[in-house]
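Engineer: compute the structure for the input listed below.
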Amino acid sequence: MELNTTPEVDEMPSSPIDASEPVNCDPTQPPTMLWNIKATDKSAIYDDLGVNDLEGIKAPPKSLRHPPQLRHHTTPTDNVTLTQQLGNPGDGPIPVLTTPSSSTRSDTDHIHNGTSCSCKRRLLDEINSTDSFACLADEILLHILKWLPLTKLSHCSRVCKRWYRLAFDELLWRRIDLSSKQFFAGILGNILQRGPVAVKLSRAKIEEPVFSLNYRHKAKKQCNKLRNGKQSITTKVQYLDLSACDVSTSTLQEIIKSCPPLRKLSLESCMVNVSVLTCVGQKAQELEELNLSMCEGVIDYGMMQLLVNTPNLTSLNLAWTSLNKQTLTTLTDNIPTNLEKLNLSGCGRNLEDNTVDQILHKCPKLRELDISDSPSVSEAIFSSLVNHGNIQYLALNRCYSLHYSYLE
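Structural biologist: Numbering: from 1, shown residues only. Below you'll find the model as predicted:
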């Protein structure tokens, strides 16, 4: 009796494999088989899985892929309901909405602000419509604007009201260098009223009046007071350089009167008179340094009015001002006791030993003294210099009455 060792199995259904198709028997390649499923079997399988055959579904028309009512940027105020957009449930399958790629996107894909535009154009419009500077604080804008020259600041003031206010902020006009410039009537006064602290106007040409009566910026009542001399304009200038300026004495007085907090003033090579020196003494009482070298018109009365009203003066330069003996006597009688630097070079034979002795006696804080080009000064001043004890710098150039043996 023969035993059958093969297990009994149910009869296999007919395989859907088509044996006529070639089978890959190459050992170097993975085995592959081609499956040909009948349409009836395929439909049964899809029904069991609960899916539909994509090949049997026709693609929706192009007009349904991008309905106009969905391309419009809807807002909460639009009177379009969701049912109107998608349709009723019994109207058939909901059309599939797809987003076109950037390469196939046209200029009419979107309606933005009532007009057709592309995504790129809409993005650019949104960027251009946003003012980046409006998001910055005033302090940050001032830090940016301070790197611009004064001419560019004037151009920035024409952008808008905010930029006008920032461009003329006092922080941006603290130091001004306007050397070798020409100022017509009213121009310099407009600049000085912007709040600068240090102003350099060397070799500049200034026409009068310095401050114009502009009715656009001042009330009519205030302009009348300025015209009648009942009210003066004051600025914040503390350091002023007017060296070698082409300016009249009346214009000098107008500028100095507007600078009461003046601390350092240079009028080198300018034409001055008694009125200018008196104005400096009366209006700039906090003056600490004054440079009058090579000035013409320095006389005794003007010197007295200057020194009497400036007790805080620590530096005085009177080099080559052609001081006579009477003016030097007025200087020694009214010289400030806090003086630390004094330049009297170029006085010639008018400067004598007794004048130097009086200056050293009245100015115990004097540290620097220049009496060059004074041939009348002799070796007698050395005893006063030794007794003074605080002199750190002494200039005796071209003092021919001194013998070199006294300097050893």
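
Engineer: switch to C-alpha atoms for all contacts and neighbour counts from now on
Structural biologist: Will do.

Engineer: so who does residue 359 touch?
Structural biologist: Counting by Cα atoms under 8 Å, 6 or more residues apart in numbering, residue 359 makes contact with 332, 335.

Engineer: could you confirm it falls within a strand?
Structural biologist: No. Membership of residue 359 in a strand is not supported by DSSP: H, G, I helix; E, B strand; the rest coil, which gives helix.

Engineer: what about it, distance to residue 320?
Structural biologist: The gap separating residue 359 from residue 320 is 18 Å, by Cα to Cα, to the nearest Å.

Engineer: what's the answer for residue 172, then?
Structural biologist: Between residue 172 and residue 320 the distance, using Cα to Cα, works out to 37 Å.

Engineer: of these two, which one has the most company?
Structural biologist: Counting neighbours by other Cα atoms under 10 Å for residue 172 and for residue 320 shows that residue 172 has the greater number, 22 against 19.

Engineer: over to that one: give its phi and psi.
Structural biologist: The main-chain torsion angles of residue 172 are listed as degrees, to the nearest 10 and equal phi -90, psi -10.

Engineer: what's the burial count for the nearest residue to it once chain neighbours are set aside?
Structural biologist: Once flanking residues are discounted, residue 172 sits nearest to residue 146: 5.5 Å by Cα to Cα, 6 or more residues apart in numbering. For residue 146, the neighbour count with other Cα under 10 Å is 15.

Engineer: just checking, residue 146 touches residue 175?
Structural biologist: No. Under the contact definition of Cα atoms under 8 Å, residue 146 does not touch residue 175, with a separation of 11.0 Å.

Engineer: so where's this structure uncertain?
Structural biologist: Applying pLDDT under 70 to the chain flags the ranges 1-40, 46, 48-130, 213-231, 404-408.

Engineer: could you rerun that using 50?
Structural biologist: Of all residues in the chain, those with pLDDT under 50 make up the ranges 1-21, 23, 32-34, 64-83, 85-86, 94, 96-108, 215-223, 227, 230.

Engineer: buried ones in stretch 345-353?
Structural biologist: Going by neighbour count (16 or more other Cα atoms under 10 Å), the buried part of stretch 345-353 is 345, 346, 347, 348, 350, 351, 352.

Engineer: list the contacts of it.
Structural biologist: Outside stretch 345-353, the residues that touch it by Cα under 8 Å, 6+ apart are 318-325, 328, 370-378, 380-381.

Engineer: and stretch 319-335, by the same measure?
Structural biologist: Here stretch 319-335 makes contact (Cα under 8 Å, 6+ apart) with 292-296, 298-301, 303-304, 307-308, 343-347, 350-351, 355, 358-359, 362-363.

Engineer: now do 7 Å
Structural biologist: 293-296, 298-300, 303-304, 307-308, 343-347, 350, 355, 358-359 (Cα atoms under 7 Å, 6 or more residues apart in numbering).

Engineer: can you say which of those residues are buried?
Structural biologist: A residue is treated as buried here by neighbour count (16+ other Cα under 10 Å); on that basis the buried members of those are 293-296, 298-300, 303-304, 307-308, 343-347, 350, 355, 359.

Engineer: just the ones of the residues you listed in strands?
Structural biologist: With strands taken from DSSP state E, the overlap with those comprises residue 343.

Engineer: among the buried ones among the contacts of stretch 319-335, which ones are in helices?
Structural biologist: Within those, membership in helices is found for 300, 303, 304, 307, 308, 355, 359, as judged by DSSP state H.

Engineer: run a quick neighbour tally on residue 135.
Structural biologist: Here the number of neighbours of residue 135 (other Cα under 10 Å) works out to 8.

Engineer: which residues touch it?
Structural biologist: Residue 135 touches nothing, counting by Cα under 7 Å, 6+ apart.

Engineer: that older thread, let me have the ones in helices among the buried ones among the contacts of stretch 319-335 in TSV, adding distance to residue 258 as columns.
Structural biologist: Listed next are those as TSV, based on distance: Cα to Cα, whole Å:
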residue	distance to residue 258
300	25
303	21
304	22
307	20
308	21
355	35
359	32
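
Engineer: of those, just say which sits nearest to residue 141.
Structural biologist: Out of those, the one with the shortest distance to residue 141 is residue 307. That distance is 45.2 Å, counting by Cα to Cα.

Engineer: residue contacts, that closest one?
Structural biologist: Neighbour list for residue 307: 281, 334, 335, 336 [criterion: Cα under 7 Å, 6+ apart].

Engineer: in PyMOL, how would I select the buried members of the residues you listed?
Structural biologist: For anyone working in PyMOL, the buried entries among the contacts of residue 307, judged by 16+ other Cα under 10 Å, can be selected with:
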select buried, resi 281+334+335+336
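
Engineer: could I get the contacts of residue 307 as CSV with secondary structure?
Structural biologist: Written out in CSV, the entries for these read as follows (three-state DSSP):
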residue, secondary structure
281, helix
334, helix
335, coil
336, coil
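
Engineer: give me the buried entries from the contacts of stretch 345-353.
Structural biologist: Using 16+ other Cα under 10 Å, the buried ones in those are 318-325, 328, 370-378, 381.

Engineer: keep only those of these that are in helices.
Structural biologist: With helices defined by DSSP H, the entries of the buried ones among the contacts of stretch 345-353 inside them are 325, 328, 381.

Engineer: can you give me the strands in the stretch 201-350 of the chain?
Structural biologist: In order along the chain, the stretch 201-350 of the chain carries the following strands (DSSP state E, counting those that start in this stretch): 205-206, 239-241, 264-266, 289-291, 315-317, 341-343.

Engineer: for the ones you listed, give me CSV that also has distance to residue 402.
Structural biologist: Conversion of the strands of the stretch 201-350 of the chain to CSV gives the following (distance: least, Cα to Cα, whole Å):
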stretch, distance to residue 402
strand 205-206, 43
strand 239-241, 36
strand 264-266, 32
strand 289-291, 28
strand 315-317, 23
strand 341-343, 19
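
Engineer: out of those strands, nearest to residue 392?
Structural biologist: Comparing the strands of the stretch 201-350 of the chain against residue 392 with Cα to Cα, the closest turns out to be strand 341-343 (10.4 Å).

Engineer: could you dump stretch 253-273 to PDB, C-alpha only?
Structural biologist: Extracted C-alpha coordinates of stretch 253-273, given in PDB (Å, rounded to 0.1, in the frame of the first residue of the first chain):
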ATOM      1  CA  GLN A 253      28.100 142.100  16.700                       C
ATOM      2  CA  GLU A 254      24.900 140.500  15.500                       C
ATOM      3  CA  ILE A 255      26.400 137.100  15.600                       C
ATOM      4  CA  ILE A 256      28.000 137.500  19.100                       C
ATOM      5  CA  LYS A 257      24.800 138.900  20.600                       C
ATOM      6  CA  SER A 258      23.000 135.700  19.600                       C
ATOM      7  CA  CYS A 259      25.500 133.500  21.400                       C
ATOM      8  CA  PRO A 260      25.300 134.200  25.100                       C
ATOM      9  CA  PRO A 261      26.600 130.800  26.200                       C
ATOM     10  CA  LEU A 262      29.800 131.400  24.200                       C
ATOM     11  CA  ARG A 263      32.900 129.800  25.800                       C
ATOM     12  CA  LYS A 264      35.500 129.800  23.000                       C
ATOM     13  CA  LEU A 265      35.800 132.500  20.300                       C
ATOM     14  CA  SER A 266      38.300 133.100  17.600                       C
ATOM     15  CA  LEU A 267      38.400 136.400  15.700                       C
ATOM     16  CA  GLU A 268      41.800 136.000  14.100                       C
ATOM     17  CA  SER A 269      42.600 138.400  11.300                       C
ATOM     18  CA  CYS A 270      39.200 140.100  11.600                       C
ATOM     19  CA  MET A 271      38.500 143.800  11.700                       C
ATOM     20  CA  VAL A 272      37.200 144.800  15.200                       C
ATOM     21  CA  ASN A 273      36.500 148.000  17.000                       C
END
